[in-house]
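Undergrad: A predicted structure for the sequence below; I have some questions about it.
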Amino acid sequence: MYNIIINIIENSNVDWLGSDELQELKELKITMNDLVSEERFHEFLNLFEPTTSLALQEKNYSLLIDLYLNRSKIYYIIGDIQSCIADLKKITEWIDDHGTDGQRAKYYNTYATVCGELGDQGKNLEYLIKAKLIAIKLDDFLSLCKIYNNLGVYYLGEGDPKNSINYLLKGLELSKKLDKAHEDELMVLLKLNLANSYTNLGEFKKAEELFDFLFSYIEGKQMMKTSIYALQYKGLWFKAQKRYEEANEILVMAKDFASKNNDLILLEEINKILVDVITELDDKDQLIAIQKDYIDILLKIKEINLNQNIIQIEMSQNEKHYASMSTKDPLTTCYNRRYFEKNIKKWLKEAKMAAQLLGFLILDIDYFKQVNDQYGHLVGDDILKSVANMANEYLSAYDSIFARYGGDEFVAIVKVSSKDELMEIVDNLYNHIANTIIEVDGEKICIHISLGVSTNANGMITEYKELFKLADDALYESKRNGRNQYTVNS
């Protein structure tokens, strides 16, 4: 049955605005949330470790719980139950002392779902009830809808389709109180499980109407796990009516999708049903092939279980590795503000002793807030990454440090032999980035930047604050004079 795991960060009650250091986490939280919502799972997983590293440094356990809940959801969706379990195990370190009631409801529902997948129905029901009580207390309709869905799944698994239908219909009614996006998401999942419950009750016409709607809705959408379940349940619908040829055909399709998704637990379920169907068809050659596949799947599951301790050790080692990654900005991968401020003081001190000329740059993306508001936070992130990559690429040819200072602002320090060389570097950097075009949904966005530049006057200026103010004043002039230009404070 199709359970729902609740762990998107949507309504987290975390105070993010306490310090400059937390601003970076605030931005990452928005990005990670958007990536999960848009099912850009690969990008979420790439950002996960550096984001959790920052959260650990700041001892922001509430964010860590949200991040691990989100990743456990992703692992569940892609069929990696073992990694899902590992993340739930990690959450137990923080949930009791640092979790909110809302996070506990999500954790209990997630844990119940996994227990159900692994056949422990006692734990499944125990934690679903815990989650339900908290969701009712909080008037959390979104969580409650998902819990009702999972209770419907539980009771059908226990051979009680009437009770299952009762909870699923409750969930459908409650989903009408949600916003459109969440209502649609839950409506599909609730109707999917409702169709299966009606099949078990022998109400095939009601189930067929739901299947017609579901296949129409799913068509053209990236809903792999939902598609697999829809095919599997339609196969059970055919099987219940002894229409074995049609059941075989659609279950083979479900098996192919599950195989592409590398979902071993679903593959095991589907192969079990196929063995029964092919036995009824008396197709000995296909039965032998299916039984061989079934044995191979069971061996793979056993191998995963045997290797789980090794995986846990590797994960622990990776966490220690990423905990030390405190010099890079997770989103753009250039240096972060902490690293920059630590090193520029040393550069200024050395420059004073050697009378070395240093150029200091502040780079700001023009109209960035309007781009974020119009096209969304993820498009803004793509622009930040593009600008950072172009600037890093150009400045890497010089003795320099380039960093993301915060938001859409970047800073750089570069060693030069003369002011003329600095002017050439600034002019080339500006032309390298300004007016770059990126395309979003067929619409072209032109990147505009403003720069402010100052120097240390060959070692005469030794305070970073003074150097920064001179460049910041120059940046203000660039903005005041129409943006998309650079100004040097001489």
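TA: That came through fine. Residues are numbered from 1 along each chain as shown.
Undergrad: List the buried residues for the host helix or strand of residue 56?
TA: Residue 56 belongs to helix 41-57 when assigned by DSSP states H and E. For helix 41-57, a neighbour-count test (16 or more other Cβ atoms under 10 Å) marks 41, 43-44, 47-56 as buried. (C-beta placed from N, C-alpha, C; glycine too.)
Undergrad: Tell me the buried residues in the helix or strand following it?
TA: Following helix 41-57 in sequence order, the next helix or strand is helix 61-77 (DSSP H and E). By neighbour count on 16+ other Cβ under 10 Å, the buried set for helix 61-77 is 61-77.
Undergrad: what do you get for stretch 96-112?
TA: By 16+ other Cβ under 10 Å, the buried positions in stretch 96-112 come out as 99-100, 102-112.
Undergrad: try stretch 453-470
TA: Neighbour-count burial for stretch 453-470 [16+ other Cβ under 10 Å]: 453-457, 459, 461, 464, 467-468, 470.
Undergrad: could you dump that stretch to PDB, C-alpha only?
TA: C-alpha atoms of stretch 453-470 as PDB (Å, rounded to 0.1, in the frame of the first residue of the first chain):
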ATOM      1  CA  VAL A 453      36.300  48.800  -5.900                       C
ATOM      2  CA  SER A 454      38.900  50.100  -3.400                       C
ATOM      3  CA  THR A 455      42.600  49.600  -2.700                       C
ATOM      4  CA  ASN A 456      44.800  49.400   0.400                       C
ATOM      5  CA  ALA A 457      47.000  52.200  -0.900                       C
ATOM      6  CA  ASN A 458      50.100  50.000  -1.100                       C
ATOM      7  CA  GLY A 459      49.800  48.900   2.500                       C
ATOM      8  CA  MET A 460      48.700  52.300   4.000                       C
ATOM      9  CA  ILE A 461      45.200  51.000   4.800                       C
ATOM     10  CA  THR A 462      45.400  48.100   7.200                       C
ATOM     11  CA  GLU A 463      41.900  47.900   8.600                       C
ATOM     12  CA  TYR A 464      39.400  45.600   6.800                       C
ATOM     13  CA  LYS A 465      36.400  47.800   7.800                       C
ATOM     14  CA  GLU A 466      38.000  50.900   6.200                       C
ATOM     15  CA  LEU A 467      38.800  49.000   3.000                       C
ATOM     16  CA  PHE A 468      35.200  47.600   2.900                       C
ATOM     17  CA  LYS A 469      33.600  51.000   3.500                       C
ATOM     18  CA  LEU A 470      35.600  52.500   0.600                       C
END
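Undergrad: which residues in the stretch 301-450 of the chain form helices?
TA: Applying DSSP state H, counting those that start in this stretch to the stretch 301-450 of the chain gives helices spanning 337-354, 368-375, 377-395, 419-433.
Undergrad: Let me know which of these is the nearest to residue 24.
TA: In terms of Cβ to Cβ, the element of these nearest to residue 24 is helix 337-354, at 7.7 Å.
Undergrad: Name the residues that touch the closest one?
TA: Residues from elsewhere that reach helix 337-354 (Cβ atoms under 8 Å, 6 or more residues apart in numbering): 20-21, 24, 326-328, 356-358, 360, 401, 403-406, 411, 413, 415, 456, 458-464, 467.
Undergrad: Low-confidence ranges, this structure, go.
TA: 1-21, 222, 294-326 (pLDDT under 70).
Undergrad: domain parsing for it?
TA: The record's domain split for the chain, according to automatic domain parsing, is 20-315, 335-488.
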